[in-house]
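Q: pasting the sequence and the predicted coordinates here, then a few questions.
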Amino acid sequence: MHKPLEGQIALVTGASSGIGFGVAQALADAGASVAINYHSHGAPADKLAADIEQCGGHAFAIGANVANESEIDAMFDAVTQRFGTIDIVVANSGLQKDAPFADMTLDDWHTVMNVNLAGQFLTAQRAVREFLRRGPRPVSKALGKIICMSSVHEIIPWAGHVNYAASKGGIQMMMKSLAQEVAPQRIRVNSIAPGAIRTPINKEAWDSEDALQKLLKLVPYGRIGEVDDIGRAAVWLASDESDYVVGTTLFVDGGMTLYPGFAGNG
């Protein structure tokens with residue numbers, strides 16, 4: 001069986017549940033050794049690592065708050081000590097603190113920005129430093145690969161979620177600017193922008209038939225996404241099969257960004 005990431009080392013932040021969990025599993029299935037980052041829920045990350053190891057792969061769980069610079073440094077040190085280096089970094093950690101704009105607290109604004117945007121900045125920065133430190137490896141055409149986890153809300157406004165949408169819009173421009181800067185060093189930086197994905201964080205949106213049908217009005221393709229859809233996209237972006245893809249947001253959304261409300265002239 002062809003494993004496009006054989007011999008490569010991956011770090012996935014926020015991988016104890018949801019999209020990050022699915023991405024870590026997909027990278028491991030594709031042959032990568034995986035460091036599974038978590039913040040407050042270590043047990044699922046430990047179990048995923050054990051399952052990967054039991055299937056013949058290599059993985060371990062590592063705790064760190066991506067909004068804390070010293071914890072980011074310690075996490076990268078732990079991964080390089082365990083595996084020698086890192087080839088693929090998926091900056092996935094994110095959260096929501098929703099409120100009407102007039103009621104949103106500055107603390108909720110800062111919390112979302114610190115994790116969703118500053119956390120990706122710190123994660124990507126440490127990745128670039130590691131790629132440059134260790135130089136080329138024969139396992140990949142690129143010096144290193146960074147995948148930022150964004151959202152359809154980097155381009156779709158979302159009333160009641162101003163801090164979240166602003167953080168994702170920031171990720172879009174950070175990713176593109178970083179990609180432009182480090183492409184000459186053969187570092188590829190891209191984003192994945194999921195649409196409606198079946199995860200615990202949005203369970204209320206799909207857990208009942210009424211809620212699901214309401215959600216599917218926003219998805220022209222007629223189904224909710226699964227974490228495996230994002231995992232497969234991440235494997236492709238991390239592999240040599242996408243070696244000429246640089247500074248691109250890959251929307252995995254069933255057509256949500258086609259603005260289905262305007263079908264039939266709106």
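A: That came in fine, so what should we check first?

Q: could you pull out the strands for the stretch 51-200 of the chain?
A: For the stretch 51-200 of the chain, the strands defined by DSSP state E, counting those that start in this stretch occupy 59-63, 88-91, 144-149, 187-194.

Q: and the second one, how far out from the chain middle?
A: Spelled out, that is strand 88-91. Centroid separation for strand 88-91 versus its chain: 7 Å, with Cα atoms, centre = their mean, to the nearest Å.

Q: export it as PDB, just CAs?
A: Output in PDB follows, covering the C-alpha atoms of strand 88-91 (Å, rounded to 0.1, in the frame of the first residue of the first chain):
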ATOM      1  CA  ILE A  88       4.800  18.700   8.500                       C
ATOM      2  CA  VAL A  89       3.000  21.100  10.900                       C
ATOM      3  CA  VAL A  90      -0.800  21.400  11.000                       C
ATOM      4  CA  ALA A  91      -1.800  24.500  13.000                       C
END
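
Q: let me see the mean pLDDT of it.
A: In this model, strand 88-91 has a mean pLDDT of 98.

Q: show me the helices in this protein, by range?
A: 18-29, 42-54, 69-83, 106-112, 119-134, 162-182, 209-216, 227-238 (DSSP state H).

Q: mean neighbour count for those helices - can I get that in a markdown table?
A: For every residue, glycine as well, the C-beta is placed using N, CA and C. Formatted as a markdown table, the helices of the chain follow (neighbours: other Cβ atoms under 10 Å):
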| stretch | mean neighbour count |
| --- | --- |
| helix 18-29 | 26 |
| helix 42-54 | 16 |
| helix 69-83 | 16 |
| helix 106-112 | 15 |
| helix 119-134 | 20 |
| helix 162-182 | 19 |
| helix 209-216 | 13 |
| helix 227-238 | 22 |
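
Q: out of those helices, which comes closest to I192?
A: Across these, I192 has its closest neighbour in helix 227-238 (5.3 Å, Cβ to Cβ).

Q: report all helices and strands that that closest one contacts.
A: helix 18-29, strand 88-91, strand 144-149, strand 187-194, strand 249-252 (3 or more Cβ pairs under 8 Å, 6 or more residues apart in numbering; DSSP states H and E).

Q: so for it, mean pLDDT?
A: For helix 227-238, the per-residue pLDDT averages 98.

Q: now the strands of the stretch 51-200 of the chain as JSON lines including distance to A15?
A: Putting the strands of the stretch 51-200 of the chain into JSON lines (distance: least, Cβ to Cβ, whole Å) gives the following:
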{"stretch": "strand 59-63", "distance to A15": "8"}
{"stretch": "strand 88-91", "distance to A15": "8"}
{"stretch": "strand 144-149", "distance to A15": "11"}
{"stretch": "strand 187-194", "distance to A15": "14"}
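
Q: and those strands, which is most packed in?
A: Of all these, strand 88-91 has the most neighbours on average by mean count of other Cβ atoms under 10 Å, namely a mean of 29.

Q: next up, the contacts around the closest residue to E53 other than its chain neighbours.
A: Spatial nearest neighbour of E53, chain neighbours left out: A59 (6.0 Å); criterion: Cβ to Cβ, 6 or more residues apart in numbering. Shown in contact with A59 (Cβ atoms under 8 Å, 6 or more residues apart in numbering): A24, A28, S33, V34, A35, I36, L48, A49, I52, E53.
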